[in-house]
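Student: sequence and computational prediction follow.
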Amino acid sequence: MAGVKLEHLSKRWGDFTAVDNQSLAIEDREFLVLLGPSGCGKTTTMRMIAGLEEPSSGQVWIGGQIVNDVLPKDRDVAMVFQNYGLYPHMSVRNNIAYPLKVRGYSKADIEAKVREAAAKVQLLQLLDRKPRALSGGQRQRVALARAIVRTPRVFLMDEPLSNLDAKLRVTMRAELKHLSHELQITTVYVTHDQIEAMTLADRVAVMNEGKIQQLGTPQAIYDDPTNLFVAGFIGSPAMNLLAGAVENGVFAAGGVPIAKVTDVVDQSAVVFGVRSEDLQIAPPGAGHFDASVYASELTGESVLVTVEIGGCRVAVKADRRTRLEIGETVGVKVGAERVFMFDASTGKRLRGGERLRG
């Protein structure tokens, strides 16, 4: 097995910088997710680890060795692609066996390893089928089996679940989680889906505009976002972010007082952040502020209530038995220790303003 290390890694095409001087240490057997929107540099970073893109500057280390000049086939990494990358004319058995055949394994060894890999992803009954006869989830499992069949030092997975429907993505996430625990192989996983990142990763590197914005465990990033981008990107529904100002210790949005804040100097351009689960619907006059119900959506385990205040909309997670009418006035309570303040111009977290006065 092997860890992966990136040192001052950059990738440029002319005036465009896809990855900007990034350093990152991925521990042996760690499952690290590169998370971010399209164009943030996450796939380019993975492709440089694989050797499919040449860095403009910086170094890629795998297993304690610099591999910048090592061909992709000699880096001992296995890659799973978004579009599966299967050979349509080959059976499932031959697709899985292909990496072993090109490395000269004996027929007996190939058959044993193919069956072992197929069993891990529940494909033993499908070995003689062609990819066109498989569902999307089955094709993805074939791609996974082909990746694990030779036990590489590093797995690289580029949005492997993005082509699946919502229900199948949930199933495949569970399979990937179990497979990762069973195989204990260093894994770098690229996705724009923060639910995948939160459920699969040991650590998440949140990327934007070619740079890692925050690196940490899923829980740490969710509970303690370092800037406005991370706060808005992580969470479903997204964190409520209200632009406004702090004057005399009170944050107001659209001229409407929302809450008192501590340890934040008066500022004319701040962003107030709070997650929907840290808000509570209350009778009018019994919360930190009153608002009008804009929409009420039953999601199953809860009701997502959207209210309007000062020209802004705020999402509140309420008990699933909550029933409210559009236009109804309600009070909203804010969790006393779950408020985030950001500088509107820089996006930087204002660490002093995390607590509300009661």
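Tutor: Received the coordinates, thanks. Quantities reported herein were computed from a predicted structural model and do not represent experimental measurements.

Student: can we go C-alpha only for contacts and neighbour counts from here?
Tutor: Noted.

Student: ok, T299 - how many residues close by?
Tutor: Residues lying near T299 (other C-alpha atoms under 10 Å) number 10.

Student: quick check: the residue lying closest to it once chain neighbours are set aside vs D224, distance?
Tutor: Excluding its sequence neighbours, the residue lying closest to T299 (C-alpha to C-alpha, 6 or more residues apart in numbering) is R320, at 7.9 Å. For R320, the distance to D224 equals 27 Å [C-alpha to C-alpha, to the nearest Å].

Student: then P88?
Tutor: P88 sits 46 Å away from D224 when distances are taken as C-alpha to C-alpha.

Student: who touches the residue nearest to T299 in this structure?
Tutor: L298, T299, G300, E301, S302, V303 (C-alpha atoms under 8 Å, 6 or more residues apart in numbering).

Student: buried ones among these?
Tutor: Buried by 16 or more other C-alpha atoms under 10 Å: L298, S302, V303, out of the contacts of R320.

Student: what's the closest of these to A282?
Tutor: V303 (14.1 Å; C-alpha to C-alpha).

Student: and that closest one, bridged to which residues?
Tutor: Counting by DSSP bridges, V303 is bridged to L298, A318.

Student: select the longest helix from the chain.
Tutor: helix 166-183 (DSSP state H).

Student: the helix or strand that that one is followed by to helix 166-183, inter-axis angle?
Tutor: Per DSSP states H and E, the first helix or strand lying C-terminal to helix 166-183 is strand 186-191. Calculated by axes from the mean of the first three to the mean of the last three C-alpha atoms, to 10 degrees, strand 186-191 forms an angle of 170 degrees with helix 166-183.

Student: list the buried residues for stretch 22-31?
Tutor: Buried, per 16+ other C-alpha under 10 Å, within stretch 22-31: Q22, S23, I26, D28, R29, E30, F31.

Student: mind giving me CSV with these and columns for pLDDT?
Tutor: Converted to CSV, the buried residues of stretch 22-31 look like this (pLDDT from 0 to 100):
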residue, pLDDT
Q22, 97
S23, 97
I26, 97
D28, 95
R29, 94
E30, 96
F31, 96
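
Student: quick one: which of those sit in strands?
Tutor: Q22, S23, I26, F31 (DSSP state E).

Student: which one of those sits closest to E209?
Tutor: Q22 (11.4 Å).

Student: from the buried ones among the contacts of R320, pick the one nearest E196.
Tutor: Closest to E196, out of all of those and judged by C-alpha to C-alpha, is S302, at 21.1 Å.

Student: which residue is the nearest non-sequential neighbour of that closest one?
Tutor: Excluding the flanking residues, the one nearest S302 by C-alpha to C-alpha, 6+ apart is R320, at 4.0 Å.

Student: the one you found: what secondary structure?
Tutor: Here R320 is coil, with the state taken from DSSP: H, G, I helix; E, B strand; the rest coil.

Student: list the beta-bridge partners for the residue nearest to I26 when sequence neighbours are not counted.
Tutor: Distances taken as C-alpha to C-alpha, 6+ apart put V4 closest to I26, at 5.0 Å, once the chain neighbours are dropped. Beta-bridge pairing for V4 (DSSP bridges): I26, I62.
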